[in-house]
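In: I would like the atomic coordinates for the input below:
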Amino acid sequence: MQLKGLVRFFAGALILISVYYLSFTFLVRNYESKVAAQAASDVSKSFPSAEQKYPGENNAELRSVYQDTLSDLVKERRQRILDSASNKEMAGFPWYVTYDKAKEKELNLGLDLQGGMNVVLDVSVEDVIRSLSGHSQDAAFRKALDLAVQRKKSSQSDFVTLFGQAYEEVQPNGRLAVIFANSYQHDIDFNASNSKVLDVIRREANAAIKNTYLVLQKRIDKFGVASPNISLDENKGIISVELAGVDNPERVRKYLQASANLEFREVYRNDEQFISNILQPMNEAIKAAVGGTTAKAAADTTKKAEDSTAVATAAKDSSTTGSLTAILNDSTNKSGKADSLKSDAERRAELAKAEPFFSIFAPRYHPQQGVAYGPIIGNILPSDTAAFSRYLQIPAVKNVLPKDLVFIYGAEDKENKRAPLNVYAIKVNPINPAPRVGGERIVDAKQDYDQSGRPEISMTMDPTGAKEWKKLTGELAPTDPNNPATLNYVAVVLDNIVYSAPSIQGEIAGGRSSISGSFTLEEANDLANILKSGKMPAPAKIVQEQIVGPTLGQESIAAGAKSFLISFIVIFVLMLVYYNTAGWVANIALILNLLFTFGILASLGATLTMPGIAGLVLTIGMAVDTNVIIFERIKDELSRGKSYQQAVEDGYKRSYAPVLDGHITSLLTAIILFYFGLGPVLGFATTQILGLLLSLFCGIMVSRIVTDWWTNKKRHFEYFTPISRKIFKHAAFDFVGKRKYAYIISFVMIALGASSFFHGFRHGVDFDGGRNFTVRFEQPMKTDEVRDELEKQFGTEPYVKTIGTSNQLSITTNYKIDEQSEAVDKEVTQKLFEGLKKFYEPGLTYEAFASPRFIVASQTVSPTISDDLRAGAVKATVLSLVVIFLYILLRFSKWQYSIGTIFSLLHDVMVTLAVFSYCRDFVPFALEVDQHFIAAILTVIGFSMNDTVIVFDRIREYFRTGVMKGATRDQVINKAINDTLSRTVMTSLTVFLTILILFIFGGEVTRGFAFAMLIGVVTGTYSSIFVAAPVLVDFDKKNQLSNESEALPVKETAAAPATAKK
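Out: Here you go, the predicted model:
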């Protein structure tokens, strides 16, 4: 094999890279387990256990509630310990990494494995259009909008197109320019055509979607989860947010769906007067109120020692920042009595008692250098903001603060989320808290350059905003612009976060302003986008939601790990049993494939989900398929009398084509699935794509390196065992002659598949829309009883099924699914509680029922997104068939092969559809057509091609080489099918076994997917043998298949004796 050195280099590099990146996961998990144990120990020392607090059988409910409280305390304590050590080096050579940096590099678990919330949001383009029109009351305009909203539920067109069509119907001769020109004069005049107006609206709608995405990016950091994920699909106009570990769904819904709130606020200037009249009295009031102990007394005092340096460097100009370290050193020097034996943490604890406020808040003041004038009044660590908020609730503190003063934080550091935050004091009129100038007055904002070529932001306001902006800036104009002590500032506030606070140099008339400063190009663009976000009130509405409780997440981890390990062991043993010592080559390639897959996922910062684990389990089966194809070919060459060395050489060479063809077809369907998939299905597609690519590298390159290394030692691997030597050795089945019997069976199955569209399917909640709840009970339940009780509440019959154990039910209802609001969500959950409370202990409250203890998971899908998913599923399936057809036509250059392929694939799809339609009512698990089902169909299409291509490749080889000179076309095709029978069955068996294990042990999340795959693998094997190849005969009336231009004469050569020895 050529390039052996390069292959060794890449293999070695991948091993080192994979081990290195995976090591961070082990480091973090080990460290976090120690911290969790320490947190539990600390809490147990201060509080009695649930059994000690509420002993006896009658106090079970109280014990449960108290245990939840203890768990919350442990969680809070654990987080405090982690915060205190966030910037501390937790590992030496070769990592030299802090906890925060290691956490960023670990392999993350998805919400289905650790619990959390996933939402899909659709930006309200309707609101964008209303805003652009100045909230026009024109009757035709409003009717057209209403029509567009209704049609959007069942249409794949974008909302702007639907609006344009609706307006054309309502007002055939109407002109949109008349409606939009008054309020949006920037690009629309009264002479503009309707098409131009729609183009402007579409452009602004796309900009609003992007700005909403940017706003949500900043909002998700407020939920306190470790690795929030957010992605924008510009083609579909939807935003996906995944918050693993979040425990307050109501807050998430409210915060994500709120409109962007952009304000311009006057700022209190940091000067001597502010420090002496506000900050120092605050410290005295807090000191008097807490009586020598601070609100931080329960916190880890060691934390102060770790964080002091961070506070000291909080401000951009550290020389003018009153840091905690400076205050401590100053007080120590003055006393002259510092005990050198005291730890730094002890001295800081003493400071916290003496100066409670300044122990967490670093003012912009230095004893030697004085005040740092500007809009920033100080800095505070994110972990101390809770204590700061508690201090502000003290009545004595409220009394010393001006009535219009509101403390607010600056944006967090992008590189270090634990870095200190800037603190601002903005002015808010308590009687009329609305800002004098709001974001709705922004007409345009863009990044620009000043006269010196430095980045700045240009901003334009509407007439109303320009008038008020002139008045405000005139009031704040400084007496001496060159004296920083006289400058005044206006903060740009988005969602209660200050992103900039420029100084006012003078009165600004005309509504055009520029914001300059030491901006980088990226920072200027970010601020321009923030200003734009206030221009369009385009709230994002949740159209799909999934909540997974932590208990269900742990169960999914256990199920996924079990199925993965069992699959690995079974395939490992099977390779040795069937391929003797050569099985070690396949197993080495398999181990490296999995190592590389995990390592690359970790290096890319990917998130591992349950569908992702399903993809890994499938990868185990498909990874060894490459070696199965190669080994079977080597066995063929050995059976022809070739030496081991020559058999290996020819076996690998003649396996490249079918291996590449099988992997490319599977890759094509996986890429299509990745493009059309949403949410969890993407995890499956990602691992499948990665596994297929690595399978080529490990199965061909690495296994060849191992084989050559062993052969060079004058040894060889054994490829036969007593079992494999006998199976299919003299196979001579007349598949072509008996093809009409197979046609009859296939016709019946295809007819059943076609009739299934009339018989119907049970659609999953993501395809029909609805709300689904996974509810856990304390005893086994009967689905009929639960269904009857819930029907009384919802007015329609819900779908109820057992999921996992008999005390856990999945309940789906479409009650008020067209209405999406927090009130409706609560109403549905309330009705669910009313229908189920008779099955629980008396006294169970709604609040307790709605907790993750009983509702362990939930999912909401609106009709709008379900229509999109259904349409995407159809497109993905049809596109897969077309792409496969074209690839086979390109690869084999004869249309007969493509026709055989399509017949085979249609057969596989129709059989799977028939099973899901006609068997859905009597199998003991759910057969639903959902995203996972479509993933299975596309995977089956790709996998089925793997077997089909192997047969086709052998048929073409026999025609090309003339190895069966004088044989008829039917005999050649029969021979090709029989000669590849062993590898066809073995490749299918490895995948079938891994999917069967996933079906049995993988849990409910992947059971429907696994069942569809099982059906698909069986039918795919059948169709490759009995349908795809025999169909060639009936479509080759002119015997074109045997006309291969590259046919070469076959020379009889004497077989060289095998000279290698074991």
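In: next helix or strand past the helix or strand containing Glu126?
Out: With secondary structure defined by DSSP states H and E, Glu126 is part of helix 125-132. Next helix or strand after helix 125-132 toward the C-terminus (DSSP H and E): helix 139-152.
In: what residues does that following helix touch?
Out: 126, 129-130, 133, 136, 159, 162-163, 165-167, 169-171, 174, 179, 864 (Cβ atoms under 8 Å, 6 or more residues apart in numbering). Every residue, glycine included, has its C-beta placed from N, CA and C.
In: out of these, which are inside helices?
Out: Among these, DSSP state H puts 126, 129-130, 159, 162-163, 165-167, 169-170, 179, 864 in helices.
In: Most neighbours out of these, which is it?
Out: Ranked by the number of neighbours (other Cβ atoms under 10 Å), those place Phe163 first, at 27 neighbours.
In: neighbours of the spatially closest residue to it that is not a sequence neighbour, just the number please.
Out: Counting by Cβ to Cβ, 6 or more residues apart in numbering, Phe163 lies nearest to Ala148, which is 4.2 Å off, once chain neighbours are set aside. Neighbourhood size, Ala148 [other Cβ under 10 Å]: 23.
In: can you check the one 4 residues further on too?
Out: In terms of burial, Lys152 registers 20 neighbours under the definition other Cβ under 10 Å.
In: Leu809 now?
Out: Neighbours of Leu809 (other Cβ under 10 Å): 23.
In: Heading C-terminal from the helix or strand hosting it, find the next helix or strand.
Out: In this assignment (DSSP H and E), Leu809 forms part of strand 805-813. Remark: after strand 805-813, the chain's next helix or strand is helix 822-836, criterion DSSP H and E.
In: quick one: buried residues of that next one?
Out: Neighbour-count burial for helix 822-836 flags 824-825, 828-829, 831-833, 835-836 (criterion: 16 or more other Cβ atoms under 10 Å).
In: which other helices and strands contact that helix?
Out: Applying 3 or more Cβ pairs under 8 Å, 6 or more residues apart in numbering; DSSP states H and E, one finds that helix 822-836 makes contact with helix 249-257, strand 770-776, helix 783-794, strand 805-813, helix 846-849.
In: and stretch 814-826, average pLDDT?
Out: Averaged over stretch 814-826, pLDDT sits at 78.
In: I meant stretch 120-137, not that one.
Out: Stretch 120-137 comes out at a mean pLDDT of 81.
In: do the same with stretch 869-883
Out: Here the average pLDDT along stretch 869-883 is 82.
In: how about the CA coordinates for it, as PDB?
Out: Extracted C-alpha coordinates of stretch 869-883, given in PDB (Å, rounded to 0.1, in the frame of the first residue of the first chain):
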ATOM      1  CA  LEU A 869     -41.300  18.900   9.600                       C
ATOM      2  CA  ARG A 870     -43.600  16.800   7.500                       C
ATOM      3  CA  ALA A 871     -42.800  18.700   4.400                       C
ATOM      4  CA  GLY A 872     -39.100  18.400   5.200                       C
ATOM      5  CA  ALA A 873     -39.400  14.600   5.700                       C
ATOM      6  CA  VAL A 874     -41.100  14.100   2.300                       C
ATOM      7  CA  LYS A 875     -38.400  16.300   0.600                       C
ATOM      8  CA  ALA A 876     -35.600  14.400   2.300                       C
ATOM      9  CA  THR A 877     -36.900  11.000   1.300                       C
ATOM     10  CA  VAL A 878     -37.600  11.900  -2.300                       C
ATOM     11  CA  LEU A 879     -34.200  13.700  -2.600                       C
ATOM     12  CA  SER A 880     -32.400  10.600  -1.200                       C
ATOM     13  CA  LEU A 881     -34.000   8.400  -3.800                       C
ATOM     14  CA  VAL A 882     -33.100  10.900  -6.600                       C
ATOM     15  CA  VAL A 883     -29.500  11.300  -5.400                       C
END
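In: which parts of that stretch are buried?
Out: By 16+ other Cβ under 10 Å, the buried positions in stretch 869-883 come out as 869-870, 872-873, 876-877, 879-881, 883.
In: Check stretch 443-457 too.
Out: By neighbour count with 16+ other Cβ under 10 Å, stretch 443-457 contains the buried residues 443-445, 447, 455-457.
In: Pull the most distant pair out of those.
Out: Val443 and Pro455 (20.8 Å; Cβ to Cβ).
In: hmm, back to that, let me know the closest of the ones in helices among the contacts of helix 139-152 to Leu279.
Out: Taking Cβ to Cβ as the measure, Leu279 lies nearest Arg130 of those, at 45.0 Å.
In: give the contact list for that closest one.
Out: Shown in contact with Arg130 (Cβ under 8 Å, 6+ apart): 136, 145.
In: Please renumber the chain so that the first residue is 678 from this point on.
Out: Will do, 678 is the new start, and the previous item becomes Arg807.
In: circling back: how about the buried residues of helix 1499-1513, which pair is most distant?
Out: Distance extremes for the buried residues of helix 1499-1513: the farthest pair is Val1501 and Leu1513 at 18.7 Å, using Cβ to Cβ.
In: domains of this structure?
Out: Per the record, the chain has its domains at 681-783, 797-920, 944-1098, 1113-1213, 1226-1394+1410-1436+1544-1711, 1447-1538, by automatic domain parsing.
In: Tabulate these in a markdown table, adding columns for distance to Ser1401.
Out: Below are those laid out as a markdown table (distance: least, Cβ to Cβ, whole Å):
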| stretch | distance to Ser1401 |
| --- | --- |
| domain 681-783 | 28 |
| domain 797-920 | 46 |
| domain 944-1098 | 57 |
| domain 1113-1213 | 61 |
| domain 1226-1394+1410-1436+1544-1711 | 5 |
| domain 1447-1538 | 39 |
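In: In terms of mean pLDDT, which of those domains ranks lowest?
Out: With a mean of 69, domain 944-1098 has the lowest mean pLDDT of the domains of the chain.
In: how far does that domain stretch from start to finish?
Out: Chord length of domain 944-1098, first to last residue, is 17 Å (Cα to Cα, to the nearest Å).
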